[in-house]
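# What follows is a predicted structure for the sequence shown.
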Amino acid sequence: MANILIEFADYPVEREIIGRLLIAYGELEWALAECLRVSMNSKMNEAIRILFRVRGEGPRIEVADAIARPAYIKIGLEGQWGNAIGAARVCKNIRNQYAHCHWRVLDDGLLRFINLDVEAETAAGAPLMADAIPLKLPLLQRQEDYFKYALDWLYYLGEEYKFREGKLSSQILEESKSIPAPPLYDRPKKVEPIPPDTKPDGS
């Protein structure tokens, strides 16, 4: 029987963070649905039916943006909505990168990943030499912080919308301070190419 996540045996911290990111993305979509709900003045089941009948993380964000943005503009939260939806798009890219990649530990002992979505876009018949990109813990920690930042924005907007409509007597959450989005990866100048049809032992 195959060993699951054997590449992470010496990288437990990285494993835990990636696991949290993959799980937390569902919470981000739930918070987005709540923002959609309050903008439509509807019940949550209506927002969920609209958002989750759309297939794919990217299209869900775009549908929520198309429906909710006019309401947030009208109530004076255009800039805040732009920050939140932009952060959600960044988190979607981070989530998809790790959800659709292949992991390797090479002879240098570094944990690396191959972005299969990117490699699949190469021309048919062309050699497929995947880049094995090192995963660096400081960047991974920045990405986790950015997930928290995106969630903070969405939670804030859901509550702030209700406050500005007069449905809450006081503001519950504070607006987040903007932070720069982290890159998807820290690609070195020279990346180790790995033919994807090689065996785990490198043969």
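Perfect, thanks for sending it.
# C-alpha from now on. contacts and neighbour counts both.
Will do.
# Residue 176 versus the residue positioned nearest the centre of the chain, what's the distance?
Central residue of the chain (Cα atoms, centre = their mean): residue 91, 2.4 Å from the mean position. For residue 91, the distance to residue 176 equals 16 Å [Cα to Cα, to the nearest Å].
# would the residue nearest to the centre of the chain count as being in a helix?
Yes - the assignment for residue 91 is a helix, going by DSSP: H, G, I helix; E, B strand; the rest coil.
# Now do the same contact list for the nearest residue to it once chain neighbours are set aside.
Using Cα to Cα, 6 or more residues apart in numbering and skipping the chain neighbours, the partner closest in space to residue 91 is residue 147 (6.2 Å). Residues near residue 147 by Cα atoms under 8 Å, 6 or more residues apart in numbering: 21, 24, 91.
# repeat that with 10 Å
By Cα atoms under 10 Å, 6 or more residues apart in numbering, the contact set of residue 147 is 20-21, 24-25, 28, 87-88, 90-92, 94-95, 141, 153, 181.
# among these, who's most crowded?
Highest neighbour count within the contacts of residue 147, by other Cα atoms under 10 Å: residue 91, with 28 neighbours.
# how much space between that residue and residue 25?
8 Å.
# Between those two, which contacts overlap?
Residues touching both residue 91 and residue 25 (Cα under 10 Å, 6+ apart): 147, 151.
# thinking residue 96 is in contact with residue 18, fair?
No - the criterion here is Cα atoms under 10 Å, and residue 96 misses it with residue 18 at 11.2 Å.
# The two: which has the busier surroundings?
residue 18 (20 against 16).
# The more buried one contacts residue 99, correct?
Yes - contact criterion Cα under 10 Å: residue 18 and residue 99 qualify, at 9.1 Å.
# and the gap between residue 52 and residue 26?
11 Å.
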